[in-house]
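1. Take a look and give me a structure for this.
(one chain, ligands or ions: 1)
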Amino acid sequence: MFVSASVALADSHGGDDMEKNDYQHSEEAQEYVHGNPSVEQEPWLLTSGGRIYDNWWIALDGEEPEGTIPSYPTDVNSAQGGSGTWRCKECHGWDYRGKDGLYGSGSHYSGIVGINGAIGHPVEQIARTLRDENRPYIEEMISEDEMLRVAAFVSVVKSTCVGFLI
Ligand code: HEC
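-> Numbers count the residues shown, from 1 in each chain. Presented below is the predicted three-dimensional model:
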C-alpha cells in the first residue's frame, strides 16, 4: 500500500528482534531512506508526501513532538493522546476518509473529515492551510519544501492511490 512504503522498507531491513513500528535502518541506508534526489520527479515527490502524511517525524528523520497536538478532540476520543495525535493519519485516517472511513468508529475515531475535499486544489493553497490552528506545524517540524510535498500528495491522493479501496 502506498503510505506504507516506509514500513515496508523498515521491515525489509529488520531482523527478528525488530519491534513493530521500529523504523531503524542501517547507517548506509540513511541517504536512501531520508535523502532527496538531485531531481525531484513526481513519483518521488508524491511518495515522500505520502510518507509525511503517515508519520512526518519518521519520514523526515526529525524530532518526535512532545504531548498531544492541541487541536486533537480528546473530548471525542480520550483513547488517543501523545505524539501519535500529530500524525495526519491519526485525524484523517490512513484511508484518507476520516470519519467516513475505517476511523469512523473504534479507538481511532476523531469525528474529523477526510482529506478528499482538497483533491484538485492548488498545492500552495493546501500547504498554507496545513499551518492553521488545526494543523499548527511549524517549519522546524515540517519545512516549507516538505509541506509542499505532502500538499502535492493530498491534491491527487484519491485518484492515484485510494480508488481501489473505496
Ligand atoms: C489533530 C487533528 C488533525 C491533524 C493531526 C491534521 N489535521 Fe487536517 N484537519 C483537521 C481538522 C479539524 C480539519 C478541518 C475540518 C473541517 O473543516 O471540518 C482539517 C482539514 C484538513 C483538510 C481539508 C479537508 C477538506 O475537506 O477541506 C486537509 C486537506 C487536511 N486537513 C490535511 C492534513 C494533513 C496533510 C495533515 C498532516 C500534515 C493534517 N491534516 C493533520 C484536523 C487535523
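2. Please enumerate the helices of this structure.
-> 5-13, 30-34, 42-54, 56-59, 88-92, 123-129, 144-157 (DSSP state H).
3. Closest to the centroid, which residue in the protein?
-> Tyr53 (1.5 Å; Cα atoms, centre = their mean).
4. Cross-check the contact I'm expecting between it and Val154.
-> Yes - counting by Cβ atoms under 8 Å, Val154 is a contact partner of Tyr53 at 7.4 Å. In short, each C-beta sits where N, CA and C put it, glycine included.
5. Give me the pLDDT for Glu19.
-> pLDDT, Glu19: 50.
6. Which single residue in the chain comes nearest to the ligand?
-> For the chain, the residue closest to the ligand is Gly117, as judged by Cβ to the nearest ligand atom, at 2.1 Å.
7. least reliable of the helices of the chain going by mean pLDDT?
-> The minimum mean pLDDT among the helices of the chain belongs to helix 5-13 (a mean of 40).
8. and the end-to-end length of stretch 118-128?
-> 12 Å (Cα to Cα, to the nearest Å).
9. Can you name the residues of the chain that neighbour the ligand?
-> By the rule Cβ under 6 Å from any ligand atom, the part of the chain lying against the ligand is 53, 69, 71-72, 85-86, 88, 90-92, 112-113, 115, 117-118, 126, 130, 134-135, 150, 154.
10. which of the residues you listed are buried?
-> Among the residues of the chain next to the ligand, the ones that count as buried by 16 or more other Cβ atoms under 10 Å are 53, 69, 72, 85-86, 88, 90-92, 112, 115, 118, 126, 130, 150, 154.
11. circling back to that earlier point, okay if I get the helices of the chain as CSV plus distance to Tyr103?
-> Output for the helices of the chain, formatted as CSV (distance: least, Cβ to Cβ, whole Å):
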stretch, distance to Tyr103
helix 5-13, 18
helix 30-34, 27
helix 42-54, 14
helix 56-59, 18
helix 88-92, 8
helix 123-129, 20
helix 144-157, 16
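12. looking at those helices, which is closest to Gly98?
-> Ranking the helices of the chain by proximity to Gly98 (Cβ to Cβ) places helix 88-92 first, at 4.8 Å.
13. Render the CA-only coordinates of that closest one in CSV, please.
-> Extracted in CSV, the C-alpha atoms of helix 88-92 (Å, rounded to 0.1, in the frame of the first residue of the first chain):
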residue,chain,number,x,y,z
CYS,A,88,-2.0,13.4,9.7
LYS,A,89,-3.4,9.9,9.5
GLU,A,90,-4.5,10.0,13.2
CYS,A,91,-7.1,12.7,12.4
HIS,A,92,-7.8,11.9,8.8
